[in-house]
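K.L.:
My questions are about this predicted structure, shown below with the sequence.
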Amino acid sequence: MAELGYDGKVAIITGAGGGLGRQHALLLASRGALLVINDLGGAVDGTGSDKGAAERMVDEIKGLGGEAVADTNSVATPEGGAAIVQTALDAFGRVDIVVNNAGILRDKAFTNMSPELMNPVFDVHLKGAFHVTQPAFVKMREQGYGRIVSTSSAAGLFGNFGQTNYGAAKMGLVGFTRVLAVEGAKYNIKANAIAPLALTRMTESIMGPLGDKLDPALVSPVVAYLASEECAVSGEVYSVGGGRVARIFVGETKGFFDPALSPEHVRDHLDEIRDEQGYAVPANLAEETALFLPSFK
Ligand code: NAI
C-alpha cells in the first residue's frame with residue numbers, strides 16, 4: 001500500500017511550537033504538507049508569550065526541506081482565530097487541515113475552582129477550537145474538502161481530580177467534533193478527535209516512570225491519518241499514546257422500559273438499566289432517538 005501523502009495540502013496546527021504539536025508538524029511537513037505553525041509561546045498556565053516558539057519551529061521545518069509559515073496569534077479570541085486562518089490563506093491560498101492542539105492547564109480542586117481558572121481554559125481549548133475552525137470550515141465547505149482533528153483528553157472523557165475546567169473543555173471538544181462531523185458530511189469534511197498520552201512539558205511533573213514510553217512523536221501518526229485524504233471515519237475519538245491506539249466511543253445500554261416509569265422502577269431495575277450487554281453506539285442524534293422506537297411499538 002502507498003504511504004499517506006499530503007502534497008499541496010495546507011495544514012494549520014495550533015500550539016505547534018513544542019510538545020505534541022511540534023511532532024504533528026514535523027510528520028506532516030516530512031510528507032509534503034504546507035504548514036501554518038501557530039503558537040503563542042506562553043507558559044503551561046497560558047501566561048506570557050514568545051514569538052520565538054513558532055519561528056524556531058518554522059526554521060527547523062525549512063532546514064529539513066519542508067514548507068511552513070509562523071503565526072503567533074492566540075486561538076483564544078475570535079480575531080486571533082480569524083487571523084490564523086488568514087495566515088494560511090495569505091501564504092498558501094487555501095486550508096485543508098486544522099489540528100486544534102493548543103492548550104493550557106489551570107488545575108485546582110473543585111471547591112477552589114474560580115472564573116479566573118475556568119475561563120482561560122475554556123477560551124483556549126474549547127472556544128479556541130471554535131475560533132480557528134469556523135473560518136477554516138467556511139473555506140473547506142467552498143472547496144468541498146477538509147479534515148479537522150481536535151485534541152480532547154482522558155481527563156474529560158473519563159474524569160481526573162482537579163480538572164473540572166480542563167475536563168469540561170476537553171469533553172466539549174467531543175461534542176464539537178461530533179456535530180462538525182454531521183454538518184461536514186456532505187462537503188467531504190471529516191472531524192475527529194484524539195485523547196493523547198505523551199511526555200511533554202505539560203505532563204512531565206506527573207508522568208513518573210511511564211514517561212519513558214510516551215514519546216509525543218508516537219501520537220502524531222494518528223493525527224496524520226485522521227488528517228489524510230484516506231481518513232475513513234468522522235465524528236470519532238481515538239486514544240493514543242506510546243504507539244497504542246484505540247477507539248473511545250459513547251455507547252448506550254439496551255435499557256429498561258415501562259410506560260408508567262416511576263422512581264422505584266429506576267431503583268429496582270438499575271442493574272438492567274446499566275447492563276452493558278448488547279449496547280449500541282449511535283453515530284448521531286437521529287440514531288440515538290431510533291433506539292427508543294422498539295419500546296413504543
Ligand atoms: P505543550 O504545553 O507542550 O503544548 C501546548 C502548546 O499550546 C504550547 O506550545 C503553547 O504555547 C500553545 N498555546 C497555549 N495557549 C495558546 C494560545 N492561546 N494560542 C496559541 N497557542 C497556544 O503541551 P502538549 O502536551 O503538547 O499539549 C498539546 C495538546 O494536547 C493540548 O491541547 C493538551 O491539553 C493535550 N493533551 C496532552 C496530553 C499529554 O499527555 N501531553 C494529554 C491529554 C491532552
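P.N.:
Arrived safely, thanks for sending.
K.L.:
ok, the nearest residue to residue 251 once chain neighbours are set aside - how many residues close by?
P.N.:
Nearest-residue entry for residue 251: residue 279, 4.2 Å, with adjacent residues in sequence omitted and distances by Cβ to Cβ, 6 or more residues apart in numbering. C-beta: built from backbone N, CA, C; applies to glycine. Counted with other Cβ atoms under 10 Å, residues neighbouring residue 279 total 12.
K.L.:
which residues touch residue 240?
P.N.:
194-197, 218-219, 222, 246 (Cβ atoms under 8 Å, 6 or more residues apart in numbering).
K.L.:
Let me know the secondary structure of the residue in the stretch 101-250 of the chain that the ligand sits nearest to.
P.N.:
Across the stretch 101-250 of the chain, the shortest distance to the ligand (Cβ to the nearest ligand atom) belongs to residue 103, at 2.5 Å. Here residue 103 is recorded as coil under DSSP: H, G, I helix; E, B strand; the rest coil.
K.L.:
quick one, what contacts it?
P.N.:
Counting by Cβ under 8 Å, 6+ apart, residue 103 touches 15, 124-125, 151, 202.
K.L.:
pLDDT value on residue 206, please?
P.N.:
Note on residue 206: pLDDT of 88.
K.L.:
whoops, I mixed them up, residue 2
P.N.:
88.
K.L.:
Would you confirm that residue 113 contacts residue 165?
P.N.:
Yes. With contact defined as Cβ atoms under 8 Å, residue 113 counts as touching residue 165 (6.3 Å).
K.L.:
who's more crowded, the two?
P.N.:
Between residue 113 and residue 165, residue 165 has the larger neighbour count (other Cβ under 10 Å), namely 25 against 17.
K.L.:
give me phi/psi at the more buried one?
P.N.:
When read as degrees, to the nearest 10, the backbone of residue 165 gives phi -70, psi -60.
K.L.:
So which bits of the stretch 101-250 of the chain are right by the ligand?
P.N.:
With the criterion set to Cβ under 6 Å from any ligand atom, the stretch 101-250 of the chain comes near the ligand through 101-104, 124, 151, 153, 196-198, 200-203.
K.L.:
Can you select the buried ones among those residues for me in PyMOL?
P.N.:
Restricted to buried positions by 16 or more other Cβ atoms under 10 Å, the PyMOL selection for those reads:
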select buried, resi 101+102+103+104+124+151+153+196+197+198+200+202+203
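K.L.:
any idea which of the residues of the stretch 101-250 of the chain next to the ligand is the one closest to residue 297?
P.N.:
The closest of those to residue 297 turns out to be residue 153 (Cβ to Cβ; 40.8 Å).
K.L.:
Now do the end-to-end distance for stretch 149-168.
P.N.:
Distance across stretch 149-168, first residue to last, is 18 Å (Cα to Cα, to the nearest Å).
K.L.:
Contacts only, for residue 269.
P.N.:
For residue 269, the contacting residues are residue 256, by Cβ under 8 Å, 6+ apart.
K.L.:
For it, give its distance to the ligand.
P.N.:
36 Å (Cβ to the nearest ligand atom, to the nearest Å).
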